[in-house]
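**Student:** only the shape, not the letters, is given here:
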């Protein structure tokens, strides 16, 4: 079974500051890891994903995440926050292979302060 | 290319009633997943369909059911509605079933049970 824990349901950063959203996972098999973003009144869209290979994954809108197996973490970062980054962010995990469902975390709402 | 379309956008029902939600995936996508989203709970996996067969099921009572048609369109049904069923129901489609597939989400159906 797989699960994710997102630390902090709300995070506030100043415009231009570093964005760090934390995600820790649990998986009994090698995981696939994802970050999705949800803007108000919209569905989710994929920011980035880790399946295999390079552990530093770059996504859209300047976001990146690093898979750290020893820490079971997949934190999302962006060097400089923009007002348009204000949204809810979801970390998700899936087991590799077969018909594996995607399990989402409870989400972190990012507020960007001008 | 049209995105994932969910209808209706909003629904208001009373306890005990039943409801049917519809999802049209992106053209060519054969897998459809359903999620329930509530504040503080994140996204809870309901079920996934591929080629008209349910491939995965979450931990929801039997009142929640779904199906997929030959054109990949999917419906989910909730019978004997309870107040706790009030939520945003999200549908996601992907090209194939599989853990590494990118999910494309619709904007959801907001269900309110009174």
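**Tutor:** Right, received. Where do you want to start? No experiment lies behind these values; they were computed from the predicted model shown. Numbering: from 1, shown residues only, chains lettered A, B, ... in the order given.
**Student:** what does chain B have sitting close to chain A?
**Tutor:** Within reach of chain A by CB under 8 Å from any CB of the partner chain, chain B has these residues: B:4, B:33, B:35, B:40-45, B:48, B:50, B:55-56, B:58, B:90, B:92, B:97-100, B:102-108. Just so you know, the C-beta spots here come from the backbone N, C-alpha and C atoms, and that holds for glycine as well.
**Student:** and residue A:49, what are its bridge partners?
**Tutor:** Under DSSP bridges, the beta-bridge partners of residue A:49 are residue A:34.
**Student:** quick one, what contacts it?
**Tutor:** A:32, A:33, A:34, A:35, A:57, A:59, B:100, B:102 (CB atoms under 8 Å, 6 or more residues apart in numbering or on different chains).
**Student:** residues contacting the fifth one?
**Tutor:** With contact taken as CB under 8 Å, 6+ apart, residue A:57 is in contact with A:48, A:49, A:50, A:64, A:65, A:66, A:67.
**Student:** of these, which is the most crowded?
**Tutor:** residue A:65 (26 neighbours; other CB atoms under 10 Å in any protein chain shown).
**Student:** tally of neighbours for the residue of chain A found nearest chain B?
**Tutor:** When scored by CB to the nearest CB, chain A has residue A:43 as its residue closest to chain B, at 3.1 Å. Using other CB under 10 Å, residue A:43 has 22 other residues around it.
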